[in-house]
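In: only geometry, no sequence info:
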Ligand SMILES: Nc1ncnc2c1ncn2[C@@H]1O[C@H](COP(=O)(O)OP(=O)(O)OP(=O)(O)O)[C@@H](O)[C@H]1O
Ligand SMILES: [Mg+2]
């Protein structure tokens, strides 16, 4: 069995091998592999019910696995007691002790396991310093805002000085503004703690902004594992392509045609030279496929001369959504909706005929039958 070496700084890796987890009659996870390097911030992203929490709880030791192994910091922890795994878990619900002050909430686990008083004080001071909890130490949880409560919950994980921090949607109970604030704090915390983090969310913005690498999951299976930039720009399949991005990637069905050295995508109305596309294997003429292009790679132009010069496709503007710093322009193209992110304030209005141009350098092609990237 191959294991991933701990990184040079000696930070804890997490290697999940061939993991199978059964809950009741359900096989929630089957044959899953995941390698988290020491010091990484890995985000598990996927729709509700895909098995994110199950995977996280397996790593924490809260769930017995049916098969496979879990290694933490180079040690086999598959059957280790949760308290011996050197992991700390932060839940979505803060689960603070309501009768205890913030200070006592922070120190509770350390007092239980008999940590010396001076050491408790040092660790509580460090956590409260990192999370700016100083002014709140004497308060009870009921006297805190949601964001402050979640900071205390994170502080409780920090005082344990774990090697690996596991977060299960820690920000999902907070309002939008607080969520973005705490998101930035978490990212800075990761840099300061210099620890390994695994973070579960179904919020793609959290995943994109926090992750050093992200694993996109569906039905207990990791669909793609890579940097946010890789996953966004080169989605491995149609599920990943459409799960990330807002508005979603535009998709068009068609076939490939091959003529000497020219490869073309041929849709019902739309043709694009895709000779420059990085095909993984030789393009098969006649293969039914799906062309994907992100809204920011679709340029809207005014109808008329410009479009004629650049070979744009004519379409009718069906909706314009102002987003503050940009607009989303929706075009009706032979009955299909094409979204474009427009930064230039192109003067178009609903009902106008406009033209769109697809940036051929930033497209994705998928096999129509399997959904896999070509
Ligand atoms: N105790 C259980 N017995 C049987 N099935 C379960 C049990 N707990 C969870 N499941 C199922 O396991 C699957 C994965 O659940 P899990 O909680 O890991 O999903 P999740 O990705 O964390 O979803 P969410 O985003 O909603 O939190 C779901 O289909 C769920 O219904
Ligand atoms: Mg969950």
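Out: Everything's here; your move. The model shown is predicted, which means the values in this text are computed figures rather than measured ones. Ligands and ions are numbered 1, 2, ... in the order given.

In: so for this structure, the centremost residue is which one?
Out: Centroid check for the chain by CA atoms, centre = their mean gives residue 207 as the closest residue, at 3.1 Å.

In: low-confidence ranges, the stretch 1-150 of the chain, go.
Out: For the stretch 1-150 of the chain, the stretches flagged by pLDDT under 70 are 1-9.

In: which parts of it sit against ligand 1?
Out: Within the stretch 1-150 of the chain, the positions near ligand 1 by CB under 6 Å from any ligand atom are 23, 24, 26, 28, 46, 48, 49, 50, 51, 52, 53, 54. For glycine as for every other residue, the C-beta is placed from the backbone atoms N, C-alpha and C.

In: filter the residues you listed down to the buried ones.
Out: Among those, those classed as buried by 16 or more other CB atoms under 10 Å are 28, 46, 50, 51, 52, 53, 54.

In: what's the most distant pair in those residues?
Out: 28 and 46 (12.1 Å; CB to CB).

In: quick one: the strands in the stretch 1-150 of the chain?
Out: Secondary structure of the stretch 1-150 of the chain (DSSP state E, counting those that start in this stretch): strands at 14-23, 26-36, 41-45, 67-72, 75-76, 87-90.

In: check those strands for me and report the most buried one.
Out: With neighbours taken as mean count of other CB atoms under 10 Å, these reach their highest mean count in strand 41-45, at a mean of 25.

In: partner strands of it and their direction?
Out: As defined by DSSP bridges, the strand partners of strand 41-45 come to strand 196-201 (parallel), strand 213-218 (parallel).

In: okay, the buried ones among the residues of the stretch 1-150 of the chain next to ligand 1 in TSV with distance to residue 143 next?
Out: What follows is those, written out as TSV (distance: CB to CB, whole Å):
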residue	distance to residue 143
28	39
46	36
50	37
51	37
52	32
53	30
54	35
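
In: out of these, the closest to residue 262 would be?
Out: Using CB to CB, these come closest to residue 262 at residue 46, 38.6 Å.

In: hang on, residue 167 packs against residue 198?
Out: Yes: counting by CB atoms under 8 Å, residue 167 touches residue 198, with 7.3 Å between them.

In: walk me through the domains of this protein.
Out: As given by automatic domain parsing, the domain ranges for the chain are 14-234, 250-367.

In: next, format the ones you listed as TSV and append distance to residue 244.
Out: TSV is the format used below for these (distance: least, CB to CB, whole Å):
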stretch	distance to residue 244
domain 14-234	5
domain 250-367	9
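
In: ranking those domains by burial, who's on top?
Out: It is domain 14-234: most buried of the domains of the chain by mean count of other CB under 10 Å, with a mean of 18.

In: report the distance from it to the chain centre.
Out: Once both centres are worked out by CA atoms, centre = their mean, to the nearest Å, domain 14-234 turns out to sit 14 Å from its chain's centre.

In: circling back to that earlier point, what is the nearest of the residues of the stretch 1-150 of the chain next to ligand 1 to residue 104?
Out: For these, the nearest to residue 104 is residue 53 (28.1 Å; CB to CB).

In: wait, that closest one sits on residue 200?
Out: Yes: Residue 53 lies in contact with residue 200 (CB under 8 Å); the separation is 6.2 Å.

In: okay, and the common contacts of those two?
Out: Jointly contacting residue 53 and residue 200 under the rule CB atoms under 8 Å, 6 or more residues apart in numbering are residue 168.

In: which residues does residue 23 contact?
Out: 54, 63.

In: host element of the residue nearest to the centre of the chain?
Out: In the assignment (DSSP states H and E), residue 207 maps to helix 204-210.

In: what is the rounded mean pLDDT of that helix?
Out: Across helix 204-210, the average pLDDT comes to 94.

In: when you give positions from now on, start the count at 2
Out: In the new numbering, first residue 2, that becomes helix 205-211.

In: what's across from residue 214 in the sheet?
Out: Counting by DSSP bridges, the residues bridging with residue 214 are residue 43.

In: would you confirm that residue 364 contacts residue 291?
Out: No: Residue 364 is not in contact with residue 291 according to CB under 8 Å; the separation is 10.5 Å.

In: just to revisit the earlier point, distance to residue 136 added to the residues of the stretch 2-151 of the chain next to ligand 1, as JSON lines?
Out: Below are these laid out as JSON lines (distance: CB to CB, whole Å):
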{"residue": "24", "distance to residue 136": "42"}
{"residue": "25", "distance to residue 136": "46"}
{"residue": "27", "distance to residue 136": "46"}
{"residue": "29", "distance to residue 136": "43"}
{"residue": "47", "distance to residue 136": "38"}
{"residue": "49", "distance to residue 136": "37"}
{"residue": "50", "distance to residue 136": "40"}
{"residue": "51", "distance to residue 136": "40"}
{"residue": "52", "distance to residue 136": "40"}
{"residue": "53", "distance to residue 136": "34"}
{"residue": "54", "distance to residue 136": "33"}
{"residue": "55", "distance to residue 136": "38"}
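
In: longest helix anywhere in this structure?
Out: Longest helix in the chain, counting residues (DSSP state H): helix 177-194.
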